[in-house]
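> predicted model follows, preceded by the sequence.
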Amino acid sequence: MSEENNINNSIENNDIENNNEEIVSENAPRKVVKKKMIVKSKNKENIKDLDLSSYGARRQSRIYAVMSLYSYEINDRKPSINEILDFDYDNKIPENIFSFTRTLVEGTIRNLERIDNLIEKYSNNWDIKRIQYVDKSIIRISIYSLIFLKDIPKSVVIDEAVEIAKMFSDKDSYKFVNGILDGIQEDDIQ
């Protein structure tokens with residue numbers, strides 16, 4: 001894992017596609033945002049399109065939450081919740097996606113001390129200040145989910161975190177994210 005100052009991941013909207021697509025489920029119709037985003041890294045070789053429409057509403061919410069917490073962290077925790085949830089480049093986020101994003105972001109920020117204590121406890125030989133902002137954001141929303149969103153199984157929370165880490169983090173960061181989340185004991189999240 002490299003230090004944060006060696007990382008310059010940024011996410012930008014690539015307004016190629018920006019249509020809404022309706023997906024029908026058993027309970028109620030859900031809308032999924034159909035758009036592409038560009039994920040850039042410091043070396044220009046690693047630029048890739050990310051089509052959010054290929055993911056379900058919950059994954060999209062988690063991606064937006066990671067982006068929001070990343071913004072919160074790089075701005076020294078000064079922005080308000082409304083500021084970090086203002087996706088001015090994307091005003092067509094369906095309400096169900098935005099609502100779950102808000103739940104993840106608000107809950108994580110309200111419980112940051114407890115969450116960061118668990119990260120410190122399970123990140124062997126890693127000071128929390130050395131963890132990349134993107135990885136820290138992924139781990140934080142995941143720990144919040146483990147503690148407070150009991151309807152989501154631990155295996156799903158970890159799988160989602162690993163997949164998002166593969167999208168946005170360094171090559172092997174997903175292993176670090178997986179190790180911390182997998183190590184968390186049931187007693188710690190009660």
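Cool, the structure landed.

> element containing the closest residue to Phe168 other than its chain neighbours?
Closest residue to Phe168 in three dimensions, ignoring its sequence neighbours and counting by Cβ to Cβ, 6 or more residues apart in numbering: Val134, at 5.2 Å. C-beta here means a position set from N, CA and C on the backbone, and glycine is covered the same way. When secondary structure is defined by DSSP states H and E, Val134 falls within helix 133-148.

> elements contacting that helix?
The contact analysis (3 or more Cβ pairs under 8 Å, 6 or more residues apart in numbering; DSSP states H and E) places helix 133-148 against helix 57-74, helix 95-110, helix 112-122, helix 154-168, helix 173-183.

> including distance to Ser80, could those go into TSV?
Formatted as TSV, the helices and strands packed on helix 133-148 follow (distance: least, Cβ to Cβ, whole Å):
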stretch	distance to Ser80
helix 57-74	10
helix 95-110	10
helix 112-122	15
helix 154-168	24
helix 173-183	27
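
> the residue nearest to Phe168 - how many residues pack around it?
26 (other Cβ atoms under 10 Å).

> over to the one 4 residues further on?
Residue neighbour count, defined by other Cβ under 10 Å, stands at 32 for Ile138.

> and what of Glu95?
If you count neighbours by other Cβ under 10 Å, Glu95 ends up with 8.

> pull the helix or strand with minimum mean pLDDT from this protein.
strand 10-23 (a mean of 31; mean pLDDT, DSSP states H and E).

> please verify my assumption that Tyr133 contacts Glu73.
Yes. Tyr133 is within contact range of Glu73, at 4.8 Å (criterion: Cβ atoms under 8 Å).

> for the closest residue to Tyr70 other than its chain neighbours, list the residues it contacts.
Sequence neighbours aside, Ser137 is the residue nearest to Tyr70 in space, at 4.8 Å (criterion: Cβ to Cβ, 6+ apart). The contact partners of Ser137, taken as Cβ atoms under 8 Å, 6 or more residues apart in numbering, are 65-66, 69-70, 73.

> would you format those residues as a markdown table with pLDDT and neighbour count included?
Rendered in a markdown table, the data for the contacts of Ser137 read as follows (pLDDT from 0 to 100; neighbours: other Cβ atoms under 10 Å):
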| residue | pLDDT | neighbour count |
| --- | --- | --- |
| Ala65 | 95 | 28 |
| Val66 | 95 | 30 |
| Leu69 | 94 | 25 |
| Tyr70 | 93 | 22 |
| Glu73 | 91 | 16 |
